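Chemist: Can you look at this prediction? I've put the sequence above it.
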Amino acid sequence: MGKAEAKDIFSDYVREKGLRNTRQREAILETFLSSGKHITVEDLYNSLRRKTPGIGYATVHRNLKLLCESGLANEIKVGTDKARFEIKYGHEHHDHLICIRCGRFIEVKDERIERLQDKLAEANDFVPVRHNKCFGRSRKGA
């Protein structure tokens, strides 16, 4: 997915919600798409503050929620830690390993995980809708 396509999707979604497409929204989307990582509201806000003086924390937070609603982003919440956001649209499904001590955060793409969860669900008469990831301690440095 290109940035232009993501901008069109977000612009259409914002209009459908009866909201205006503003320069701040465009800056939030552009900065988010350019981040290339799992980003917190604070990370995005601090990055935007340098480029877009006067932007508010609440504005960044609300627009990240809109990005999730529009299907462009995922919110990843781990216990009481700060939520992180990642680009969803145009990216294949994956899971995460997150260290509960140091916060190290990596993506895992392994079809065996998907097959196993489907097999376990079927064996127990469940229909998978969504699943949460397992979290543990990293052996590296923590």
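Modeler: Ah, there it is. Numbers count the residues shown, from 1 in each chain.

Chemist: Look at Ile106 and give its secondary structure.
Modeler: strand (DSSP: H, G, I helix; E, B strand; the rest coil).

Chemist: now it: how far from Glu69?
Modeler: According to C-beta to C-beta, to the nearest Å, Ile106 stands 26 Å off from Glu69. Using the backbone N, CA and C atoms, a C-beta is placed for each residue, glycine as well.

Chemist: List the contacts of the residue located most distally from the centre of the chain.
Modeler: In the chain, the residue that sits farthest from the middle, by C-alpha atoms, centre = their mean, is Ala123; the gap is 30.9 Å. Ala123 makes contact with no residue under the criterion C-beta atoms under 8 Å, 6 or more residues apart in numbering.

Chemist: tell me the phi and psi of it?
Modeler: When read as degrees, to the nearest 10, the backbone of Ala123 gives phi -60, psi -30.
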